[in-house]
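K.L.:
Generate a structure from the sequence data that follows.
(one chain, ligands or ions: 1)
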Amino acid sequence: MSTGDDTVAAFVQRLPKTETHLHLEGALPWELLREANPGKYAQPPASWDSGFRFRNFTHFEGELLGYAGDYFKSADRYHECAKAVFASRVTANVKYVETSFASGCIDFMGLDGREVCDAIRAAVPEGLEVRIFLGIHHDGWTKKMAPVLEDALLWGKLDGIDLHGAEDMPLGDWAAPYWKRACEAGKFTKAHAGEFQGPEFVRRCVEELGVRRIQHGVRSVEDPEVVAMLRGEGVALDMCPVSNVKLGVVPDASSHPIRALLDAGIVCTVSTDDPVSFGNTLGDDYRMLADGMGFSRQDLARVARNGFEVALVPDAWKAPHLEVLASMG
Ligand SMILES: [Zn+2]
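P.N.:
From the prediction side, this is the model:
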């Protein structure tokens, strides 16, 4: 179907897409936060402005935890949020989503993690494939949480685990054996790395945690040996350019290393990360590649294709989407 609209935005809308780096708490639609707390959240935050920069990760995390604490008071709220997030992805022509929820909802909000996971799963609409991850911060293994995290490996509706939170917090000895047990239990494993910590932490996540998907991985580019290791091990990077600019991981779009990493043979995908904080849509992230980094339409289609290539679904499911992408770029 020709829409007659030849803008990059219209092209991006038509691309079948994936999001493989999306925090559910960070994707909370502003309308839901406002409905729940009309006085406090009448207006979207200053951080939605395109020129806004967070001072550091603590600044960003503090704001985000404030929103999450005011909204995610029950498993039902997770369901409502997931329903709205998934519906908006379907409208944006997203076919596959990997989303995480934070183990902090159990640790600090007192929710039942299995109930939250089931509530998210129950919100998945027809026509969208969703994989659900439990995000665990570096010091997330506590006396209270250890039995919960062990039990999580048995939750049938949980697809995997992801390492979250401030990267500069020391990562305890619990992590490597737990990530291994997760694999043995059939869970897919990922880790956030190379956003604020350098390439050595990316290497550690690949070598010690055994992950083959890094969330961000921006700073991998600083060490050619780490880039070669990622290529050799077939590790993909789920990147979020708008997030990286607003958090000061890179000074501006033109300094973002995604082009260099793609050219080095690394599979890179694009996602929004935490749109409640950045005010971005997936289209905005693709447009940053086009407008800020000179990506051609063929390049954009290649990034979209990477998302389907890493998707945790059978090849037969991917085939029709890859065919559409082949016809577009
Ligand atoms: Zn993230």
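K.L.:
Could you use CA atoms for every contact and neighbour count after this?
P.N.:
Fine.
K.L.:
give me the number of residues near V97?
P.N.:
25 (other CA atoms under 10 Å).
K.L.:
Report the rounded mean pLDDT for the strand or helix carrying it.
P.N.:
V97 belongs to strand 94-102 when assigned by DSSP states H and E. In this model, strand 94-102 has a mean pLDDT of 98.
K.L.:
One more: stretch 135-144?
P.N.:
When pLDDT is averaged over stretch 135-144, the result is 96.
K.L.:
Pull the residues that contact it.
P.N.:
100-104, 107, 149, 161-167, 169-172, 174 (CA atoms under 8 Å, 6 or more residues apart in numbering).
K.L.:
D112 versus the spatially most central residue of the chain, what's the distance?
P.N.:
Using CA atoms, centre = their mean, the residue of the chain that lies closest to the mean C-alpha position is H21, 1.4 Å off. H21 is 23 Å from D112, where distance means CA to CA, to the nearest Å.
K.L.:
pLDDT wise, what is D5 at?
P.N.:
If you check D5, the pLDDT there is 81.
K.L.:
same check, this time on V130
P.N.:
For V130, pLDDT reads 98.
K.L.:
residues in contact with it?
P.N.:
96-99, 121, 124.
K.L.:
Go through those residues and say which is closest to P314.
P.N.:
Nearest to P314, judged by CA to CA, of the contacts of V130 is Y96 at 12.2 Å.
K.L.:
which residues touch that closest one?
P.N.:
Y96 neighbours (CA under 8 Å, 6+ apart): 17-20, 128-130, 308, 311.
K.L.:
what bridges to it?
P.N.:
T18, E129 (DSSP bridges).
K.L.:
For it, give its distance to R259.
P.N.:
Distance from Y96 to R259, by CA to CA: 23 Å.
K.L.:
same check, this time on E208
P.N.:
27 Å.
K.L.:
Could you tell me the end-to-end distance of stretch 267-275?
P.N.:
Start-to-end, stretch 267-275 (CA to CA) is 23 Å.
K.L.:
before we move on, back to that, can you turn the buried part of the contacts of stretch 135-144 into a PyMOL selection?
P.N.:
Entered in PyMOL, the line below selects the buried ones among the contacts of stretch 135-144, by 16 or more other CA atoms under 10 Å:
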select buried, resi 100+101+102+103+104+107+149+161+162+163+164+165+166+167
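K.L.:
you'd agree the residue nearest to the centre of the chain is up against L282?
P.N.:
No: under the criterion of CA atoms under 8 Å, H21 makes no contact with L282, lying 10.9 Å away.
K.L.:
can you give me the strands in the chain?
P.N.:
17-23, 94-102, 129-137, 160-164, 188-193, 213-216, 236-239, 268-270 (DSSP state E).
K.L.:
Please convert these to a markdown table, extending it with distance to A42.
P.N.:
Below are these laid out as a markdown table (distance: least, CA to CA, whole Å):
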| stretch | distance to A42 |
| --- | --- |
| strand 17-23 | 23 |
| strand 94-102 | 25 |
| strand 129-137 | 29 |
| strand 160-164 | 29 |
| strand 188-193 | 32 |
| strand 213-216 | 32 |
| strand 236-239 | 31 |
| strand 268-270 | 30 |
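K.L.:
closest to V276 out of those?
P.N.:
strand 17-23 (9.9 Å).
K.L.:
so that closest one versus strand 94-102, what angle?
P.N.:
If you take axes from the mean of the first three to the mean of the last three CA atoms, to 10 degrees, strand 17-23 sits at 10 degrees to strand 94-102.
K.L.:
What is strand 17-23 packed up against?
P.N.:
strand 94-102, strand 236-239, strand 268-270, helix 297-310 (3 or more CA pairs under 8 Å, 6 or more residues apart in numbering; DSSP states H and E).
K.L.:
Distance to Y78 added to these, as TSV?
P.N.:
Listed next are those as TSV, based on distance: least, CA to CA, whole Å:
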stretch	distance to Y78
strand 94-102	9
strand 236-239	23
strand 268-270	24
helix 297-310	25
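K.L.:
Return the set of buried residues in the longest helix along the chain.
P.N.:
When the chain is scanned for its longest helix (criterion: DSSP state H), the result is helix 75-91. Residues 75, 77-87, 89-90 are the ones in helix 75-91 that count as buried (16+ other CA under 10 Å).
K.L.:
swap in stretch 6-15?
P.N.:
Along stretch 6-15, these residues count as buried under the neighbour rule (16+ other CA under 10 Å): 8, 11-15.
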